[in-house]
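K.L.:
A predicted structure for the sequence below; I have some questions about it.
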Amino acid sequence: MPMGAEDDDGRLPADEAGRRPLKPRFSSTFHTHVELWNAALHYQQLRRDGTPGGKQLDLAALLFAHLAVEAYANYLGQRIAPKDWEDERERFKTGGAVAKLEQLARLCDLPADKGHRPVQTLCHLQRLRNQLAHGRPETASGAGPLSDDDRDFLRSSISRAVSPESADRALEDVKVFVEQLHAAAKAKFPGRYLLPDGLGSITAEATIVGGH
């Protein structure tokens, strides 16, 4: 039988002393928030490179930035507050990602002022995400000629919220707050084996236990 081959029952063959080696075991964790953040950066870069469809690229960058924030909150919550995250959908069903981040900030002794950047931007980002996720027609009416100052009247609220400036500001503030929160979490919970960076380049972790 070739070395390492299994018996018909799926077990590795025994050695001369009748001992059977243990199969190697592994576990892996895929970090969704990093994948989503990379997508946000990708769409931002496409717009900066002059790729056609700039408005849609900014919209995609904004949406993926919010998805990355919520995925990061779930990652960090499971690591430092697993009890709270056992029922996170019920616990945070009315506050969304911002409520999760506020809770995590409290646990890490990090100020989180919704009246100022960067948290203020995260609140705007969540409202935009909700508009997109629960989209419906918008109506407007008026009378008389429209001046140049009134042209925004003919644009949707989503269109008014999306611009190169709003996308760049959102991604900047997401990065700032997540990295601040991540640094605070590493200082407050040093034994929780957190990633080196909040939005770094590590998309997966694997642990392999060799057989013997």
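P.N.:
Received, thanks. Numbers count the residues shown, from 1 in each chain.
K.L.:
in which helix or strand would I find the residue most central in space within the chain?
P.N.:
Centroid check for the chain by C-alpha atoms, centre = their mean gives Ala68 as the closest residue, at 1.8 Å. Assigned by DSSP states H and E, Ala68 falls within helix 54-80.
K.L.:
Tell me the helices and strands packed up against that helix.
P.N.:
Using 3 or more C-beta pairs under 8 Å, 6 or more residues apart in numbering; DSSP states H and E, the elements in contact with helix 54-80 are helix 32-48, helix 96-107, helix 119-133, helix 164-188. Yep, even glycine has a C-beta here, placed from its N, CA and C like the rest.
K.L.:
contacting residues for the residue nearest to the centre of the chain?
P.N.:
When contacts are counted by C-beta atoms under 8 Å, 6 or more residues apart in numbering, Ala68 touches 33-34, 36-37, 39-40, 174, 199.
K.L.:
Can you give me the distance of it to Ala183?
P.N.:
Relative to Ala183, Ala68 is positioned 17 Å away (C-beta to C-beta, to the nearest Å).
K.L.:
Helix, strand or coil: sort out Ser28 for me.
P.N.:
State at Ser28, reduced to three classes by DSSP: H, G, I helix; E, B strand; the rest coil: strand.
K.L.:
now do Gly115
P.N.:
coil.
K.L.:
Determine the number of other residues adjacent to it.
P.N.:
Taking other C-beta atoms under 10 Å as the criterion, the count of residues near Gly115 is 7.
K.L.:
what does the one 10 residues further on give?
P.N.:
Leu125 has 26 neighbouring residues, counting by other C-beta under 10 Å.
K.L.:
Now it. Nearest residue, chain neighbours left out?
P.N.:
Excluding its sequence neighbours, the residue lying closest to Leu125 (C-beta to C-beta, 6 or more residues apart in numbering) is His66, at 4.7 Å.
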